[in-house]
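Asker: All I have is the shape, not the residue letters:
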C-alpha cells in the first residue's frame with residue numbers, strides 16, 4: 001500500500017515501502033529531467049508535483065477511478081496524470097528504469113497541459129503529446145543506437161496493418177488495437193520530426209496546434225518512407 005515517504009520543494013512522494021531502495025536512485029534522475037523540461041518550456045521553476053507509485057494494479061486502478069468518479073481507464077494504462085499528479089503502477093521486473101521513465105513521461109504531460117495547453121484539455125492532440133512524452137522522457141534512448149532503432153522500426157512497420165490519420169486516434173481502441181500501436185507510431189512520428197526540423201522549429205511546434213494537425217494527417221506515411229529509405233541506404 002502506498003504511503004507518504006518524503007517531500008521537497010519540487011515533489012511529494014507516495015509509494016509502498018517495497019520500493020524505498022529504488023526511489024533513492026530515481027530522485028536524482030527526476031530532478032535532472034525537471035531542469036531539462038524547464039529549459040524546454042522556457043521557465044525557471046515549476047510547481048510541486050505529487051508522485052503516487054503503486055505496486056498493485058487493482059489498487060492503482062481503484063485510485064484513478066476514485067479521482068474520476070467513474071470506471072474509465074483503458075486496460076493497457078499503467079500511468080496517468082489525473083488531478084495534476086503523477087500516478088502509475090509498476091507491472092514488470094525492470095523496476096528502476098520503469099519508475100524513472102514513467103515519472104518523466106507523466107511529468108511531460110502535466111507541464112505541456114499547464115504551460116502550453118493552458119489547462120484546456122480540448123486542445124490536446126493525443127499522438128503529439130504521447131510522442132513527445134516518450135521522446136523527451138528518455139524511455140527510448142536505447143534506440144539512439146542505429147541497430148536498435150532499425151530492429152525496432154522494422155518490427156513496428158511489419159506489425160502495422162493500417163496507417164491511421166494520427167489526428168483521429170484517441171486513448172482506447174483507436175489508440176492500441178490489432179492493426180497498430182498508437183504509442184509506437186507516436187514515438188516514430190516525433191523522432192521523425194526531430195530529424196527533419198531544426199531545433200527551433202521542433203520546439204516552436206509545441207504550441208502550433210494547426211501545424212501539428214496538418215502534419216498529423218500523413219506523418220506516419222512520411223516517417224515510414226523516410227526511415228525505409230535511410231535503412232535501405234544504411235544511413236540511419
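Answerer: Ah, there it is. Nothing here was measured: the structure is a model prediction, and the numbers come from that model.
Asker: Let me see the contact set for residue 142.
Answerer: The contact partners of residue 142, taken as Cβ atoms under 8 Å, 6 or more residues apart in numbering, are residue 148. Where C-beta positions appear, they are placed from N, C-alpha and C, glycine not excepted.
Asker: any idea how far it is from residue 101?
Answerer: Going from residue 142 to residue 101 by Cβ to Cβ, to the nearest Å gives 11 Å.
Asker: And residue 120, by the same measure?
Answerer: Counting by Cβ to Cβ - residue 120 and residue 101 are separated by 27 Å.
Asker: and those two? which has more neighbours close in?
Answerer: residue 101 (21 against 9; other Cβ atoms under 10 Å).
Asker: since we're on the nearest residue to residue 125 once chain neighbours are set aside, how many residues are nearby?
Answerer: Excluding its sequence neighbours, the residue lying closest to residue 125 (Cβ to Cβ, 6 or more residues apart in numbering) is residue 212, at 5.2 Å. Number of residues near residue 212 (other Cβ under 10 Å) recorded here: 19.
Asker: now swap in residue 100 and tell me
Answerer: 22.
Asker: Three-state assignment for it, please.
Answerer: Secondary structure for residue 100, judged by DSSP: H, G, I helix; E, B strand; the rest coil, is helix.
Asker: Is it in contact with residue 26, as I believe?
Answerer: Yes - using Cβ atoms under 8 Å, residue 100 is in contact with residue 26, at 5.6 Å.
Asker: Check the secondary structure at the residue nearest to residue 80 when sequence neighbours are not counted for me.
Answerer: Among residues not flanking residue 80 along the chain, residue 87 sits closest, at 4.9 Å (Cβ to Cβ, 6+ apart). Look at residue 87: counting by three-state DSSP, its state is strand.
Asker: For the protein, give me the ranges with low pLDDT.
Answerer: Where the chain drops to pLDDT under 70, the residues are 92-94, 235-236.
Asker: Now with 90, please.
Answerer: 1, 18-29, 70-78, 90-101, 172-173, 233-236 (pLDDT under 90).
Asker: the strands in it, which residues?
Answerer: 3-7, 11-15, 49-54, 79-80, 86-89 (DSSP state E).
Asker: and the most centrally placed residue in the chain, what does it touch?
Answerer: The chain has residue 133 as the residue nearest its centroid, 3.0 Å off, counting by Cα atoms, centre = their mean. Counting by Cβ under 8 Å, 6+ apart, residue 133 touches 105-106, 108-109, 112.
Asker: change it to 10 Å
Answerer: Residue 133 sits next to 79, 81, 101, 104-112, 139, 183, 186-187, 190 when contact means Cβ atoms under 10 Å, 6 or more residues apart in numbering.
Asker: Okay, and which of these map to helices?
Answerer: Secondary structure from DSSP state H places 101, 104-112, 183, 186-187, 190 of the contacts of residue 133 in helices.
Asker: In the protein, mark out all the helices, start to finish.
Answerer: 20-40, 57-68, 95-115, 126-137, 146-159, 182-196, 199-204, 209-216, 219-232.
Asker: Switch these over to JSON lines, and while doing so, append distance to residue 3 to every line.
Answerer: Below are the helices of the chain laid out as JSON lines (distance: least, Cβ to Cβ, whole Å):
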{"stretch": "helix 20-40", "distance to residue 3": "11"}
{"stretch": "helix 57-68", "distance to residue 3": "12"}
{"stretch": "helix 95-115", "distance to residue 3": "16"}
{"stretch": "helix 126-137", "distance to residue 3": "26"}
{"stretch": "helix 146-159", "distance to residue 3": "38"}
{"stretch": "helix 182-196", "distance to residue 3": "31"}
{"stretch": "helix 199-204", "distance to residue 3": "39"}
{"stretch": "helix 209-216", "distance to residue 3": "40"}
{"stretch": "helix 219-232", "distance to residue 3": "43"}
